[in-house]
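*Asks:* Sequence plus the predicted model coming up.
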Amino acid sequence: MQNSLSTESDLYFPEKKFILLLILIMEKQYLQIDPADNVLVALQNLEKGAEILHDGNIIHLEEEIPAKHKFAITLLSPVMKSKCMES
């Protein structure tokens with residue numbers, strides 16, 4: 001079986017691998033920096049009402065999330081919200 005990222009044509013067009021990698025990265029909507037975190041970082045603007053799939057769970061966004069902003073993937077208690085606002 002031939003690997004689509006490593007073909008004979010790559011010898012003539014090495015930028016092909018870079019372009020494919022760039023496409024994969026651009027499709028990613030969010031990033032989780034540490035698996036232990038309960039937040040994700042938006043890599044692009046995420047619309048209110050959008051649904052994203054993370055770790056087998058569907059997350060419904062209740063508000064717009066601007067690119068480069070963090071958003072919680074679990075419900076936060078009032079105490080946690082208060083501490084988040086302080087930092």
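*Replies:* That came in fine, so what should we check first? All values derive from a computational prediction rather than experimental measurement.
*Asks:* Find the least confident helix or strand in this protein, judged by mean pLDDT.
*Replies:* Lowest mean confidence among the helices and strands of the chain (mean pLDDT, DSSP states H and E): helix 78-86, at a mean of 57.
*Asks:* Please enumerate the strands of the chain.
*Replies:* 30-31, 39-42, 51-54, 57-60, 70-72 (DSSP state E).
*Asks:* What's the mean pLDDT across the shortest one?
*Replies:* Confidence over strand 30-31 (mean pLDDT, whole number) is 91.
*Asks:* and that strand, what does it pack onto?
*Replies:* The contact analysis (3 or more CB pairs under 8 Å, 6 or more residues apart in numbering; DSSP states H and E) places strand 30-31 against strand 39-42. The way it works is simple: take the backbone N, C-alpha and C, and place the C-beta from them, glycine included.
*Asks:* buried ones in the strand it packs on?
*Replies:* V39, L40, A42 (16 or more other CB atoms under 10 Å).
*Asks:* Show me what that strand packs onto, helices and strands only.
*Replies:* If contacts are counted by 3+ CB pairs under 8 Å, 6+ apart, strand 39-42 sits against strand 30-31, strand 70-72.
*Asks:* Mean neighbour count for the ones you listed - can I get that in a markdown table?
*Replies:* Formatted as a markdown table, the helices and strands packed on strand 39-42 follow (neighbours: other CB atoms under 10 Å):
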| stretch | mean neighbour count |
| --- | --- |
| strand 30-31 | 14 |
| strand 70-72 | 16 |
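*Asks:* looking at these, which is closest to I58?
*Replies:* I58 lies closest to strand 30-31 among these, at 13.2 Å (CB to CB).
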